[in-house]
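Student: Kindly return the folded structure for what I paste below:
(one chain, ligands or ions: 1)
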Amino acid sequence: MLGLGTLQTSQSLCGPSVEPPRCPCGRASLCRGALQKDLDSKLFGQHLAKKVILNAVSGFISNPKPKKPLTLSLHGWTGTGKNFVSKIIAENIYEGGLNSDYVHLFVATLHFPHASNITLYKDQLQLWIRGNVSTCARSIFIFDEMDKMHAGLIDAIKPFLDYYDHVDGVSYQKAIFIFLSNAGAERITDVALDFWRSGKQREEIKLKDMEPALSVSAFNNKNSGFWHSSLIDRNLIDYFVPFLPLEYKHLKMCIRVEMQSRGFEIDEDIVTKVAEEMTFFPKEERVFSDKGCKTVFTKLDYYYDD
Ligand SMILES: Nc1ncnc2c1ncn2[C@@H]1O[C@H](COP(=O)(O)OP(=O)(O)OP(=O)(O)O)[C@@H](O)[C@H]1O
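Tutor: From the prediction side, this is the model:
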């Protein structure tokens, strides 16, 4: 996190050419080196996401005059780090991260539960985004569970994501929109499984290998119920970011981090026991965790119950 206390240390990771942009309403800044360090040390098994996010976010923040807001669409299996990486991005840009006044999280099933209220939600969403961007041009908006969002709703924010200098007197070009979704997870998994079956390292997977999984046609598929086909049609999503399903060794890494954060010494016996309690797929090969790292933490409670 780029808090006030850590700024000095973090700055040593930044090259002299990195000019932290100022947000008139807050301390919006980003040190590429610090973001890289956080991604490298905290996010496991996601080499593609790390690379795309580092370049996209640091490039965007260091651009004083972006032509459009940055739009990232993160896709992948549950528990693979989509929310986690959004938190890392927020923490690296704003002190307080997700708790900053300039970072806004929407959860589809929580904030927009009823299909019958779409018109109301659309108005509220537009007003909310407009109000916040008017206050802080570099606001960050995170939309979780996009695949559960009612289809028409996201259209409401389309004008804000486009290449307009102003919409009704407000410029949205410095804002960041991050969309999180499980859509496409099966296809991403198929690619990862093909690599595993042919004995290749997952780190050899390139973005172009994921193209069929993240293609326009995949997300425009009416049966997938995918929400943002109109955003795709207008090319308003800058990056589709694949999150790979996590393997046994990544679960162990998550468990070790959690043990340390609870102040315990790492106990490899417990690490192995917890990892082995998780369920893996496909049934025969048991390669990928079906809940990612999501439930390892509660399983750990069993071993530290006194
Ligand atoms: N790749 C990862 N590297 C390190 N920790 C991870 C990773 N993936 C998940 N975790 C851990 O598991 C927790 C849950 O993951 P997270 O909420 O980011 O999953 P998600 O991909 O957003 O899942 P969902 O699609 O269900 O919302 C994170 O807070 C983090 O502690």
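Student: Quick one: end-to-end length of stretch 78-87, please.
Tutor: Its first and final residues considered, stretch 78-87 spans 16 Å by C-alpha to C-alpha, to the nearest Å.
Student: Of all the residues in the stretch 101-250 of the chain, which one is nearest the ligand?
Tutor: Taking C-beta to the nearest ligand atom as the measure, the stretch 101-250 of the chain has N182 as its residue closest to the ligand, at 5.2 Å. C-beta here means a position set from N, CA and C on the backbone, and glycine is covered the same way.
Student: wait, doesn't that residue sit right on G79?
Tutor: No - N182 lies out of contact with G79 (C-beta atoms under 8 Å); the separation is 10.3 Å.
Student: Those two: which is more packed in?
Tutor: Neighbour count, other C-beta atoms under 10 Å: between N182 and G79, G79 has more, with 22 against 18.
Student: how close does that one get to S100?
Tutor: In this structure, G79 lies at 25 Å from S100, with C-beta to C-beta, to the nearest Å as the measure.
Student: What does K299 show for phi and psi?
Tutor: Listed backbone geometry of K299 is phi -70, psi -30, with angles given as degrees, to the nearest 10.
Student: my bad, L70
Tutor: The phi/psi pair for L70 (degrees, to the nearest 10) reads phi -80, psi 130.
Student: who's in contact with it?
Tutor: The neighbourhood of L70, defined by C-beta atoms under 8 Å, 6 or more residues apart in numbering, consists of A56, V57, F60, A175, I176, F177, D238.
Student: Look up the pLDDT of it for me, please.
Tutor: Taken from the predicted model, the pLDDT recorded for L70 is 97.
Student: which residue packs closest to it, ignoring adjacent ones?
Tutor: Leaving aside its sequence neighbours, L70 sits nearest to F60 (C-beta to C-beta, 6 or more residues apart in numbering; 4.2 Å).
Student: Pull the helix or strand containing that neighbour out as PDB, backbone CA atoms only.
Tutor: The secondary structure element spanning F60 is helix 47-61 (assigned by DSSP states H and E). What follows is helix 47-61 as a C-alpha-only set of coordinates in PDB (Å, rounded to 0.1, in the frame of the first residue of the first chain):
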ATOM      1  CA  HIS A  47       1.400 -13.800 -14.700                       C
ATOM      2  CA  LEU A  48      -0.900 -12.500 -17.500                       C
ATOM      3  CA  ALA A  49      -3.100 -10.400 -15.200                       C
ATOM      4  CA  LYS A  50       0.000  -9.000 -13.500                       C
ATOM      5  CA  LYS A  51       1.600  -7.800 -16.700                       C
ATOM      6  CA  VAL A  52      -1.500  -6.300 -18.200                       C
ATOM      7  CA  ILE A  53      -2.600  -4.600 -15.100                       C
ATOM      8  CA  LEU A  54       0.900  -3.100 -14.300                       C
ATOM      9  CA  ASN A  55       1.300  -1.700 -17.800                       C
ATOM     10  CA  ALA A  56      -2.300  -0.500 -18.200                       C
ATOM     11  CA  VAL A  57      -2.600   1.200 -14.800                       C
ATOM     12  CA  SER A  58       0.800   2.800 -14.600                       C
ATOM     13  CA  GLY A  59       0.600   3.900 -18.200                       C
ATOM     14  CA  PHE A  60      -2.800   5.400 -17.700                       C
ATOM     15  CA  ILE A  61      -2.000   7.200 -14.400                       C
END
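Student: need the next SSE after it, C-terminal direction.
Tutor: Using DSSP H and E, the helix or strand that follows helix 47-61 in sequence is strand 70-76.
Student: just checking, next helix/strand downstream of that next one?
Tutor: Going C-terminal from strand 70-76, and assigning secondary structure by DSSP H and E, you next hit helix 82-93.
Student: roughly how far out does that following helix sit from the chain middle?
Tutor: Here helix 82-93 shows a centroid-to-chain-centroid distance of 7 Å under the convention C-alpha atoms, centre = their mean, to the nearest Å.
Student: Whichever helix or strand comes after that helix pairs with which strands?
Tutor: Proceeding N to C from helix 82-93, the next assigned helix or strand is strand 103-107, under DSSP H and E. Within its sheet, and counting by DSSP bridges, strand 103-107 is paired with strand 140-144 (parallel).
Student: Next, the angle from the partner strand to helix 82-93.
Tutor: An angle of 170 degrees separates the directions of strand 140-144 and helix 82-93 when computed by axes from the mean of the first three to the mean of the last three C-alpha atoms, to 10 degrees.
Student: Against K87, how distant is the residue nearest to K206 when sequence neighbours are not counted?
Tutor: Once flanking residues are discounted, K206 sits nearest to L48: 7.8 Å by C-beta to C-beta, 6+ apart. Applying C-beta to C-beta, one obtains 19 Å for the distance of L48 from K87.
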